[in-house]
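> Sequence and predicted structure are below.
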Amino acid sequence: MRTRFDALLPPLIFGLGGLVLWEAVVRLFGVPAVILPAPSAIAWRLAHSVPTLTADFLQTIRGVLAGYFIGNAAGLALAILIDRSSFLQRGLLPLGNLVSALPIVGVAPIMVMWFGFDWQSKAAVVVVMTFFPMLVNAATGLRSAGAMERDLMKTYAANYAQTLTKLRLPAALPFVFNALKINTTLSLIGAIVAEFFGTPTVGMGFRISTEVGHLSIDMVWATIVVAAMTGSLFYGLVALIERRATFWHASYRAK
């Protein structure tokens, strides 16, 4: 418990110190709320807009979760497929790197036109954003098993499925979880940005876009706080699962 407290204390001090400094600067220099609201004003808006922010959260998270699971599962499946074919590997990995560099502001409007204004189009954007990081990381991880371990499996006359499940996939887990953690933030960013281009009258991206037009900057910051907390909790959950699943890895044994 003391070790955990010592680990939490520095970010807690810096976080609270930053909020106090922010509040002091806004009040001392009389910064208009339309430019930068004080943390107290953001907290007040957050507390008095719970129903609206809850509806926005539920709308956005549907697209985030659906796209996250589909994109990661498809990327992992294709990585296993191309692992058996050097032709597919040479053809799809460069294509994946190219597609992953596409700007989201160009992809999002197309997906909205294809899949409509509801959460399905946001899920499609998230799939595009999460698919290729998983593909590249998983493909690299499947090749990370050592030569001695692979020779040992051959000595045991293991077939490809046995080698995959008992050696190569476990060896690839750190790479897979690395992609999963990266995609927690990418999926949330993708869904929110996609909501700028078309959504029902609900959603975190819709709320930010609308409230900026109304100059309700405190509501914009309240929505940003909800998004930041969601992304942090999502990342922390995946990191916790990673710690449980890869306890044998050297990075955890060293601690």
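Perfect, thanks for sending it.

> can you give me how far whichever strand or helix holds Asp6 is from the chain middle?
Per DSSP states H and E, Asp6 falls inside helix 2-29. Distance of helix 2-29 from the chain centroid (Cα atoms, centre = their mean, to the nearest Å) equals 25 Å.

> Which of the residues in the next helix or strand after that helix are classified as buried?
Going down the chain from helix 2-29, the next helix or strand is helix 39-47, by DSSP H and E. By 16 or more other Cβ atoms under 10 Å, the buried positions in helix 39-47 come out as Pro39, Ala41, Ile42, Ala43, Arg45, Leu46. To be clear about C-beta, it is placed using only N, CA and C from the backbone, and glycine gets the same treatment.

> who touches the first one in this structure?
Contacts for Pro39 were tallied using Cβ atoms under 8 Å, 6 or more residues apart in numbering; they are Leu19, Trp22, Glu23.

> which of those tops the neighbour count?
In terms of neighbours by other Cβ atoms under 10 Å, the contacts of Pro39 top out with Trp22 at 17 neighbours.

> Which pLDDT value does the model give the residue nearest to it when sequence neighbours are not counted?
Nearest non-adjacent residue to Trp22, counting by Cβ to Cβ, 6 or more residues apart in numbering: Pro39, 5.5 Å away. If you check Pro39, the pLDDT there is 89.

> Could you measure from Pro39 over to Pro94?
As judged by Cβ to Cβ, to the nearest Å, Pro39 and Pro94 stand 46 Å apart.

> what about the nearest residue to Phe177 once chain neighbours are set aside, distance to Asn72?
Spatially, and ignoring its direct neighbours in sequence, Phe177 is nearest to Glu242 (4.0 Å; Cβ to Cβ, 6+ apart). Distance, Glu242 to Asn72, by Cβ to Cβ: 13 Å.

> tell me what the helix holding Asp6 is packed against?
Judged by 3 or more Cβ pairs under 8 Å, 6 or more residues apart in numbering; DSSP states H and E, the packing partners of helix 2-29 are helix 39-47.

> any low-confidence regions in this structure?
Filtered on pLDDT under 70, the chain yields the residue ranges 1-2, 5, 146, 249-255.

> residues touching the residue sitting nearest the centre point of it, list them.
Centroid check for the chain by Cα atoms, centre = their mean gives Thr184 as the closest residue, at 1.6 Å. With contact taken as Cβ under 8 Å, 6+ apart, Thr184 is in contact with Tyr68, Gly231, Phe234, Tyr235, Val238.

> coming back round to it: could I get the contacts of Pro39 in JSON lines, plus columns for distance to Asp118?
Output for these, formatted as JSON lines (distance: Cβ to Cβ, whole Å):
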{"residue": "Leu19", "distance to Asp118": "36"}
{"residue": "Trp22", "distance to Asp118": "37"}
{"residue": "Glu23", "distance to Asp118": "39"}
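
> about what we covered before: ok, and the most crowded of the contacts of Thr184?
Tyr68 (27 neighbours).
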